[in-house]
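Peer 1: Quick check, what structure comes out for this input:
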Amino acid sequence: MKYLYSIILTVSIPFICLAFDSDEISLFDSKGTATAYIAEELTIYFWSGKPVAYLCKDSAGGFHVYGFNGKHLGWFVKGIIRDHQGKAVGATKDAIAYT
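Peer 2: Sure thing, here's the model as predicted:
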């Protein structure tokens, strides 16, 4: 999960993005520990409540992950957050269960 921390710790003004239709979505690290969540407004928060990144929907049905400084950090596709090297840095419970 240290990769998730390193790619999403930034601060600035977010772009306007689409919203999820559901409630919070928990994100788990490689050890299966829930370390962050995605709230309805597409913001990724640590469980401490600190907002660390946000999602913007792309035309392929996935989401781009951005830091609050506008820097692109990776992608959220099929329940998995991947960095620019393609490494999984976080995932939803469903994505972990079916991989």
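Peer 1: For the rest of this, base every contact and every neighbour count on C-alpha atoms.
Peer 2: Fine.
Peer 1: What ranges does this protein have for its strands?
Peer 2: 25-28, 34-38, 43-46, 51-57, 63-66, 72-77, 80-82, 88-91 (DSSP state E).
Peer 1: Deepest in the core, which of those strands is it.
Peer 2: Of these, the one with the most neighbours on average (mean count of other C-alpha atoms under 10 Å) is strand 88-91, at a mean of 24.
Peer 1: I'd like to know which elements that one is packed against.
Peer 2: helix 2-8, strand 25-28, strand 80-82 (3 or more C-alpha pairs under 8 Å, 6 or more residues apart in numbering; DSSP states H and E).
Peer 1: just the CA coordinates of that strand, formatted as CSV?
Peer 2: Extracted in CSV, the C-alpha atoms of strand 88-91 (Å, rounded to 0.1, in the frame of the first residue of the first chain):
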residue,chain,number,x,y,z
ALA,A,88,-1.6,-2.4,-8.8
VAL,A,89,-1.4,-0.1,-5.9
GLY,A,90,-4.9,-0.6,-4.4
ALA,A,91,-8.0,-2.6,-5.2
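Peer 1: that older thread, now that we have the strands of the chain, can you turn them into a markdown table and tack on mean pLDDT?
Peer 2: As requested, those are arranged in a markdown table below (pLDDT from 0 to 100):
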| stretch | mean pLDDT |
| --- | --- |
| strand 25-28 | 93 |
| strand 34-38 | 94 |
| strand 43-46 | 95 |
| strand 51-57 | 95 |
| strand 63-66 | 97 |
| strand 72-77 | 96 |
| strand 80-82 | 95 |
| strand 88-91 | 92 |
